[in-house]
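Peer 1: Task: produce atomic coordinates for the following.
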Amino acid sequence: MDSNQFEVRLARDKGDIRAAQRLRYDVFVREMGAAASDDGAGLERDAYDPYFDHLLLLDKAKDGQVVGAYRLMRGDMAAAGIGFYGAQEYDLGKLAGRRALELGRSCVAKEYRGGVGMHLLWEGLGAYVSRHDIEILFGVASFHGADVAPLGQALSYLHHRFLAPEDMRPRSKAYVPMDIFDEDAIDAKAALRQIPSLIKAYLRFGGFVGDGAFVDHAFNTVDVCLIMDTGRMVQKYKDFYSRKRG
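Peer 2: All right, here's what the predicted structure looks like:
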């Protein structure tokens, strides 16, 4: 796919948001088995949507069809509105007073995965972070399926090797331990095979996880809270591409 074929921008109106919700329905409800929340309209939506900015990936070759989406909520938006979505699952008290941005509902249409789509969304996210001088990125990220047992290797790997520093570590409100295996019993290769690509991308750029998982039965997922310090993430990004050039 040619990156010039796409446009990345924020939603401008309710029609844009509905297009994102339609894509989310295809990905989260049809593909992943989440409970429908749309009263038959073919939209995945909730009470938080009006309070978020919606970052969109549009295919200009298909009349601007929305083929990727992220929703973004800054701390000032949360304080003035409904609060952070992730606060339903995690105690976010340690992020109070930080210039924080919540990420959520990240998805790309199936036929666009493995190409430039997610990379372009991340470029758009980077521009948003810079414009609003964001210090901390965080959000709930999901493993498909609501059964913790098969994810023991992955969750243990995340807990032992990527647990967030104490001063920025959210804790699950319906606590499910992630240290299922001792660190010396972890099969790293098996763990990495289980971890979704988006979570691995966050980890590569300096991400951490919160304390404990959360089982979201309605969404058919096991969730972890990811946290990234943007200063650390920028340096990781620079280091990664310096190695590539080397």
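
Peer 1: low-scoring stretches of this protein, by residue?
Peer 2: Low-confidence segments of the chain, defined by pLDDT under 70: 1, 36-39, 233-246.

Peer 1: switch the cut-off to 50
Peer 2: 241-242, 244-246 (pLDDT under 50).

Peer 1: where along the chain do the helices fall?
Peer 2: Under the criterion DSSP state H, helices of the chain are mapped to 14-24, 75-80, 117-131, 152-162, 188-194, 197-204, 230-245.

Peer 1: Show me what the third one packs onto, helices and strands only.
Peer 2: Okay, so that is helix 117-131. strand 6-10, strand 53-59, strand 65-74, strand 100-108, helix 197-204 (3 or more C-beta pairs under 8 Å, 6 or more residues apart in numbering; DSSP states H and E). Just so you know, the C-beta spots here come from the backbone N, C-alpha and C atoms, and that holds for glycine as well.

Peer 1: That one: how far from the chain's middle?
Peer 2: Relative to the chain's own centre, helix 117-131 is displaced by 13 Å; criterion: C-alpha atoms, centre = their mean, to the nearest Å.

Peer 1: now the angle from that helix to strand 65-74?
Peer 2: Orientation check (axes from the mean of the first three to the mean of the last three C-alpha atoms, to 10 degrees): helix 117-131 against strand 65-74 gives 30 degrees.

Peer 1: Alpha carbons only: can I get helix 117-131 in CSV?
Peer 2: Extracted in CSV, the C-alpha atoms of helix 117-131 (Å, rounded to 0.1, in the frame of the first residue of the first chain):
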residue,chain,number,x,y,z
GLY,A,117,-1.9,1.7,8.3
MET,A,118,-0.9,1.4,12.0
HIS,A,119,2.4,3.2,11.3
LEU,A,120,0.5,6.1,9.9
LEU,A,121,-1.8,6.2,12.9
TRP,A,122,1.2,6.2,15.2
GLU,A,123,2.6,9.2,13.2
GLY,A,124,-0.7,11.0,13.7
LEU,A,125,-0.6,10.1,17.4
GLY,A,126,3.0,11.4,17.7
ALA,A,127,1.9,14.8,16.2
TYR,A,128,-1.0,14.9,18.7
VAL,A,129,1.3,14.1,21.6
SER,A,130,3.7,16.9,20.5
ARG,A,131,0.9,19.5,20.0
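
Peer 1: hmm, back to that, mind putting the helices and strands packed on helix 117-131 in TSV, mean neighbour count and distance to Leu92 included?
Peer 2: Below are the helices and strands packed on helix 117-131 laid out as TSV (neighbours: other C-beta atoms under 10 Å; distance: least, C-beta to C-beta, whole Å):
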stretch	mean neighbour count	distance to Leu92
strand 6-10	16	24
strand 53-59	21	19
strand 65-74	22	12
strand 100-108	22	8
helix 197-204	16	17
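
Peer 1: Let me have those in CSV, extended by distance to Tyr128.
Peer 2: Listed next are these as CSV, based on distance: least, C-beta to C-beta, whole Å:
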stretch, distance to Tyr128
strand 6-10, 8
strand 53-59, 7
strand 65-74, 6
strand 100-108, 8
helix 197-204, 16
